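Asker: Need a 3D model of the following:
(chains A and B)
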Amino acid sequence: MKGLVIATHADMGAALLRACELIIGPLPNARAISVQREDDVEVVRQSFAEAIAAVGRDGDGVLIMTDMLGGTPANIGASFIDAEGVDLLTGVSLPMVLKFFNSKSDLGLTELALILKAYGQQGIQLASELLKR
Amino acid sequence: MKLVLARIDNRLIHGQVLEAWVPNIHANCIIVANDEVAQTTMRRLLMEAAVPKSIQVIVNTVEAVAHLLNSAELGDARVLLLFATARDALLAFRAGAPITTLNLGNMHAGAGKLKCSCTIALAPEDIEDLQALEAAGVEIVSQCVPTEREVAWSRMLPKVKGEG
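Answerer: So this is what the prediction gives:
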């Protein structure tokens, strides 16, 4: 089973996992990393290494989701990208996290990441625009 | 070229820089002076990709950046200059970078460092390098984000040393 690490500024990742659990129940192979203003980069890097090892124990790959391209969580997470089994997706949202757990398990990591990217983008809508259609 | 902010931030380009400083000082060019990132294609590409297209990003070695800042190449850009360490800032200054004020943004805690604030911890060599910059006329202040009050670094030091 693929693993998920959500890394964000402050505690947004942990809250996303809680929100996701509220909707679909307990989440296996998922960890959140909270990056605080005072955190040393090396300490955060160590948290990433531990989280990736923990959720990646099945050897099916690990997807890191982060809140913002260019933010510290994404910058540090990017150093863990590995063509074999770790990829990084920015702009995490609740629909993307839900879809991660509700996707078919036989998808490859990159295949899944591309689906989640598109799914996240589709999840952003302006209600007044929808009403005009 | 107008140098609107020169900052030491060991996170280099990140959320505080992009979302708090850039809009506040109306920078339209971010220059990262860092030998390691300049020589690591992956990190450099990701850094460039993270910045909105309306803002120019230049990542180069400390020495190359010092030369660039003295050339006419930057036109009338409003530059936000980033260093990861006090040593890089000092090297750039000595190589001619026109720094008059240096902002201490993020210099995080580690073994053997004096903790001065929640985001600033200084090793003895950091203090020496900053003192050298100050002696050369550079004003050194600490301010993590624009909404925080700017504090002269000299006011942070004695507190840690127990002199004040």
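Asker: following the helix or strand that contains residue B:89, which helix or strand comes up?
Answerer: Secondary structure here is read from DSSP states H and E; on that basis residue B:89 sits in helix B:86-94. Downstream of helix B:86-94, the first helix or strand assigned by DSSP H and E is strand B:101-106.
Asker: helices or strands next to that following strand in the packing?
Answerer: Under the contact definition 3 or more C-beta pairs under 8 Å, 6 or more residues apart in numbering or on different chains; DSSP states H and E, strand B:101-106 sits against strand B:2-9, helix B:124-135, strand B:139-142. C-beta coordinates here come from the backbone N, C-alpha and C atoms, glycine included.
Asker: Can you tell me the strand partners of the shortest one and which way each runs?
Answerer: Here strand B:139-142 has these sheet partners by DSSP bridges: strand B:101-106 (parallel), strand B:151-152 (antiparallel).
Asker: any idea how far that strand is from the chain center?
Answerer: 11 Å (C-alpha atoms, centre = their mean, to the nearest Å).
Asker: cool, and the longest one?
Answerer: When C-alpha coordinates are averaged (C-alpha atoms, centre = their mean), helix B:124-135 and its chain have centres 14 Å apart.
Asker: Need the helices and strands packed on strand B:101-106 in CSV (columns: mean neighbour count, mean pLDDT and distance to residue A:88).
Answerer: Output for the helices and strands packed on strand B:101-106, formatted as CSV (neighbours: other C-beta atoms under 10 Å in any protein chain shown; pLDDT from 0 to 100; distance: least, C-beta to C-beta, whole Å):
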stretch, mean neighbour count, mean pLDDT, distance to residue A:88
strand B:2-9, 21, 98, 22
helix B:124-135, 16, 96, 31
strand B:139-142, 18, 97, 32
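Asker: so which of those comes closest to residue B:80?
Answerer: Closest approach to residue B:80 among the helices and strands packed on strand B:101-106 (C-beta to C-beta): strand B:2-9, 4.7 Å.
Asker: neighbours around residue A:27, how many?
Answerer: Residue A:27: 16 surrounding residues under other C-beta atoms under 10 Å in any protein chain shown.
Asker: Thanks a lot, see you next time.
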